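> Let me see the structure of the following:
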Amino acid sequence: DPADFFYGQRKLAIDIRDIYGLLIDGMEGAAGAVRSGGDGGAAIEGNLPTQEPVALFSGVVRVGADGAANVSFDMPAFNGAVRVMVAAWSKNKVGSAEANVIVRDPVVAVGTLPRFLALGDRSELHVDLDNVEGEAGDYRIDLDIHGPVTVPADALSKTIQLAAHQRASINVPLTAVGVGTATIDLDLVGPKLEAKQHFALGVESGAPELYRRTIRMIAGGASQTISNDLLADFVPGSGAVSVAVSPFGALDAPAVLQALDRYPYGCSEQLVSRAMPLLYYNRLASIENLGLDPDVDRRIKETIERLMARQDSNGAFGLWQAGGEDDMWLDAFVTDFLTRARERGFEAPRQGFDQALERLRNEVANAADPGAEAGQPLAYALYVLARNGRPVIGDLRYLADTKLDAFKTPLAKAQIAAALAMLGDRTRAGKVFTTSLQALRDERDDGYSRPDYGSRLRDGAGALALLAEANLKSGEIADDAILQVSLVVEQARAERVYTSTQENNWMVLAAEALADRAPAHQFIVDGQTTTGSVYRKWKGFGLDAKPSTIVNSSQSPAQIVITTSGVPIVPEPAASSGYDVERAFYKLDGTKFDASRVTQSDRFVVVLKVTEAEAKYARLLVVDRLPAGLEIDNPNLVEGGDVEAFSWLKKDADPAHTEYRDDRFVAAIDRNGDQSAFFNLAYVVRAVAPGKYVYPPATAEDMYRPERFGRTAFGTIEVVAK
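Model (predicted):
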């Protein structure tokens, strides 16, 4: 609306003035600023629509001498109303107009599909025909289907007789037989008519992926063959194989990068852990060999934008959205990523970045002596400030000489050491690194989460990365220090079946920092000679055509780590490893019922009960995957708490974050030892698409101790047509 933009009433500006600045030392204080705006992140996420929305733009078009401009668009297969909007201007005038235009075929064919399907689901494509102004006669519907969906042969082509202005409909059965995206092309042929429609339908696994890790030795002159036999018990097309051959077997970069790349959630820690390794992928192997998204720069830029949207006016970063957090370790972690990104040429808003550094500097200046947990964020803040050239050498020397024992974790000590090395005090840095190594040997996990997101494996991988980056010389630290740390990392990695995003991030950083330190092994990979570490990855059907062979052409043995992942053919049973998860169904009046068979348009409540033997500190993520025939109905009803119809619901958990996606419900819960050992979550669903569907399990997982989890069994649900 250019008229309103140029001629509309302007809002008055806002300015804030106070005398608080008189309390600040003018030599140290920095100018403040009021920050407003920022996107808190969408609460609803989902799959791509089955038909793409129509949004077309002409660009600037010059008006002819007669005062008219002609614009044409190549419309896709679309039936409905489009809004045409135009803005025009000359040297001294502006104007705009808009109008709705009906776009349709003489006989309108409208297809309705579920938003997605899961492997094994049986549903239908519902096609409505409306002979608006076509001739009476026979109309044939032909379907051309590609991808992991099948239909009966006799349903691929059907003929319907339509009279003038008559309506009719057909249902085409669909069965999901694989994982991927199915495409459906519909051709409608009749008297003087040929119309087309195109649909896309995503087919999901309906289950979490399963990871297996194997370590083998390849003797000098021996070989290892990688074939699709490794994926025999995974659903075809869902599997992946990654291989790492290096002296540091715990740092199997391809598998770790894959786990990070496929992690579907996005708190600030997880965003950074997924994006930070991408800053270094070119030091590990080519993007093709690692099988990552080739548009890495775009992903890094988008991560920076999302993180800056979660920054509060005081420079702190929220875990899920701006405000409400007081987590200096998280602030340091995000600022560390922004620092490394800027070092590699990516831009972060200067004002926000300076606010983040000033936040850390103020925290350091006002920090009391480091205690049991205060030392970890303090050490990280000092490391980030040192990496940005801030004058913290006095603080570092004082803490290293008099308070080092107060920093309880090996990573905190290593960060103090790395900061000293960056600021030139390499002798003192070597001594602190040696202390960190001893603390790493003595460290033992208690099986529960820590406020600094850490574990022995994370601390070891982080210390290894920082030690390698410091590049200390002989005499400054023991010559075999890196080997000693890597042995501890190997041991800690061998003890873990599941790893967190934090652990995975630091393992990739360690692999990158050690990329130039690998012994000069020579390998022949599918006929091509390579020197140093070998990283490879195959996805889907990548090994079907030809197996891959890796030959150790050196005399000394080498270690190879093979990681397979995919959707298991045989569904995983219910499990309880620290948490028990129960899922129950209730009518809107609070009556419990069996939801194995429901009617289209029915609304009911899904209640999740999570129980642990004893409440412990955890950042817990509860995920309930939906069957394809259901969708979440107005998430604000339960969250609002003012709907009398749901007064029977007992709300005894206050999630830090919730997501209502097309295919799942997600809730992040901050747990501590003072809470009840169980809690309930609830949300409302509606039955929308007739069919028989797999009901995936509901899961609860400590994000930073993923071996502590619980899972319900798979189920089934049938939605009956109304």
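> by contact count, what packs against the helix or strand where residue 198 lies?
Assigned by DSSP states H and E, residue 198 belongs to strand 193-204. Applying 3 or more CB pairs under 8 Å, 6 or more residues apart in numbering; DSSP states H and E, we find strand 193-204 packed against strand 107-112, strand 117-118, strand 180-190. In short, each C-beta sits where N, CA and C put it, glycine included.
> Pipe those strands into TSV and attach mean neighbour count per row.
Shown next, in TSV, are the helices and strands packed on strand 193-204 (neighbours: other CB atoms under 10 Å):
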stretch	mean neighbour count
strand 107-112	18
strand 117-118	27
strand 180-190	18
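> Next, format those strands as JSON lines and append distance to residue 603.
As requested, these are exported to JSON lines (distance: least, CB to CB, whole Å):
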{"stretch": "strand 107-112", "distance to residue 603": "19"}
{"stretch": "strand 117-118", "distance to residue 603": "21"}
{"stretch": "strand 180-190", "distance to residue 603": "29"}
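> how about these, which one is nearest residue 86?
strand 107-112 (26.7 Å; CB to CB).
> Given the closest one, what are its sheet partners and their directions?
Under the criterion DSSP bridges, strand 107-112 sits next to strand 122-131 (antiparallel) in its sheet.
> next helix or strand past the strand it pairs with?
Strand 122-131 is succeeded, C-terminally, by strand 137-146 (DSSP H and E).
> elements contacting the helix or strand following that next one?
Note on strand 137-146: by DSSP H and E, the next helix or strand toward the C-terminus is strand 149-150. Contacts defined by 3+ CB pairs under 8 Å, 6+ apart place strand 149-150 against strand 167-176.
> so what secondary structure elements neighbour the strand it packs on?
Secondary-structure packing of strand 167-176 (3+ CB pairs under 8 Å, 6+ apart): strand 117-118, strand 122-131, strand 149-150, strand 157-162.
> What are the contacting residues of it?
Applying CB atoms under 8 Å, 6 or more residues apart in numbering, the contact partners of strand 167-176 are 113, 117-131, 141, 143, 148-152, 155, 158, 160, 162, 182, 201, 203, 691.
> Dump the helices and strands packed on strand 193-204 into CSV; add mean pLDDT and distance to residue 96 as well.
Compiled in CSV, the helices and strands packed on strand 193-204 are given as follows (pLDDT from 0 to 100; distance: least, CB to CB, whole Å):
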stretch, mean pLDDT, distance to residue 96
strand 107-112, 91, 31
strand 117-118, 92, 43
strand 180-190, 92, 37
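> Buried by neighbour count: which residues of the strand holding residue 198 qualify?
Buried residues in strand 193-204, counted by 16 or more other CB atoms under 10 Å: 195, 197, 199, 200, 201, 202, 203, 204.
> Using CSV, write out every CA atom in that strand.
Extracted as CSV, the C-alpha positions of strand 193-204 are listed here (Å, rounded to 0.1, in the frame of the first residue of the first chain):
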residue,chain,number,x,y,z
LEU,A,193,-10.3,-31.0,-22.0
GLU,A,194,-6.9,-32.1,-20.8
ALA,A,195,-5.9,-30.9,-17.3
LYS,A,196,-3.1,-31.8,-15.0
GLN,A,197,-2.4,-31.8,-11.2
HIS,A,198,0.9,-32.6,-9.4
PHE,A,199,1.3,-33.8,-5.8
ALA,A,200,4.2,-34.6,-3.6
LEU,A,201,3.9,-36.9,-0.6
GLY,A,202,6.7,-37.4,1.9
VAL,A,203,7.0,-40.9,3.4
GLU,A,204,8.9,-41.1,6.7
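> Direction included, what does that strand pair against?
Sheet pairing for strand 193-204, assigned by DSSP bridges, gives strand 117-118 (parallel), strand 180-190 (antiparallel).
> Geometric centre of the protein: which residue is closest?
Centroid check for the chain by CA atoms, centre = their mean gives residue 264 as the closest residue, at 3.4 Å.
> Name the SS class of it, please.
Secondary structure assignment for residue 264 (DSSP: H, G, I helix; E, B strand; the rest coil): coil.
> what do you get for residue 300?
helix.
> nearest to residue 656, of the helices and strands packed on strand 193-204?
Here strand 117-118 is closest among the helices and strands packed on strand 193-204 (CB to CB), at 28.3 Å.
> Tell me how far the closest one lies from the chain's centre.
Relative to the chain's own centre, strand 117-118 is displaced by 20 Å; criterion: CA atoms, centre = their mean, to the nearest Å.
> follow-up on the earlier one: most tightly surrounded among the helices and strands packed on strand 167-176?
Across the helices and strands packed on strand 167-176, averaging neighbours per residue (mean count of other CB atoms under 10 Å) puts strand 117-118 on top, at a mean of 27.
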